[in-house]
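Peer 1: quick one: sequence plus predicted model below, questions after.
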Amino acid sequence: MAKAATAAVRTYPSSVGVPENNRQALISLLNLRLADSVDIHSQVKWSHWNVKGKDFYQLHLLFDSVATHLEDHIDTIAERVAALGGVANGTIRESAAKSSIPEANLAAADGPDMVKFLVHNVGLYTNALRAAIQEADDLDDAITVDLFTTMTREMDKDLWFIEAHIQG
């Protein structure tokens, strides 16, 4: 389950047209999804590096494609935080401490095992993005709504590609 965006954050002046009284909550929300993005990116890259089995090449390429999308999400979210006058909290340690995504199945050694935990964790990540759409809308920030909508659309497709490997 996604963690609530409640922590106070350091801010700088910004002329971005978002209501000042909503900025801190938006920055917190974005930083929570940034933590999830860094975390799930590392899990997908771990799978990319370590996948074995008969579908090695296909999954190796798929996981790398998903990781590339997640790397773009990381940068986009962090830059939105900065544009709103916030500080992007995206170090590995910050992300590990704040992520709502469970740890990867580090015992997974082949494609089917990796696909199974990635379907679960990428699904959680995608649904946290989906929930963030409404949260950003409630805070009157159409740009952040669009950011999360675009990411969710892309992750829905990535999830479909991963999940297809375990469907009959």
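Peer 2: Alright, I've got the coordinates. Numbering: from 1, shown residues only.
Peer 1: what is the helix or strand residue 117 falls within packed up against?
Peer 2: Using DSSP states H and E, residue 117 sits within helix 111-138. Secondary-structure packing of helix 111-138 (3 or more CB pairs under 8 Å, 6 or more residues apart in numbering; DSSP states H and E): helix 20-50, helix 56-83, helix 142-163. Yep, even glycine has a C-beta here, placed from its N, CA and C like the rest.
Peer 1: redo those as TSV? Include mean pLDDT.
Peer 2: Compiled in TSV, the helices and strands packed on helix 111-138 are given as follows (pLDDT from 0 to 100):
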stretch	mean pLDDT
helix 20-50	96
helix 56-83	97
helix 142-163	98
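Peer 1: could you check the helix holding residue 117 and say which residues are buried?
Peer 2: By 16 or more other CB atoms under 10 Å, the buried positions in helix 111-138 come out as 111, 113-119, 121-122, 124-133, 135-136.
Peer 1: picking that back up, what's the closest of the helices and strands packed on helix 111-138 to residue 10?
Peer 2: For the helices and strands packed on helix 111-138, proximity to residue 10 was assessed by CB to CB; helix 20-50 is nearest, at 8.9 Å.
Peer 1: quick one: list the elements packing against that closest one.
Peer 2: helix 56-83, helix 92-98, helix 111-138, helix 142-163.
Peer 1: let me know the angle separating the last one from helix 20-50.
Peer 2: Right, helix 142-163. 20 degrees (axes from the mean of the first three to the mean of the last three CA atoms, to 10 degrees).
Peer 1: any chance of the helices and strands packed on helix 20-50 in TSV with distance to residue 25 as columns?
Peer 2: Formatted as TSV, the helices and strands packed on helix 20-50 follow (distance: least, CB to CB, whole Å):
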stretch	distance to residue 25
helix 56-83	12
helix 92-98	15
helix 111-138	8
helix 142-163	11
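Peer 1: residue contacts, the residue of the chain positioned farthest from its centre?
Peer 2: In the chain, the residue that sits farthest from the middle, by CA atoms, centre = their mean, is residue 54; the gap is 28.7 Å. Going by CB atoms under 8 Å, 6 or more residues apart in numbering, residue 54 touches residue 111.
Peer 1: start the count at 40 instead of 1 going forward.
Peer 2: New numbering, starting at 40: the last item is residue 93.
Peer 1: what's the pLDDT at it?
Peer 2: Residue 93 carries a pLDDT value of 91.
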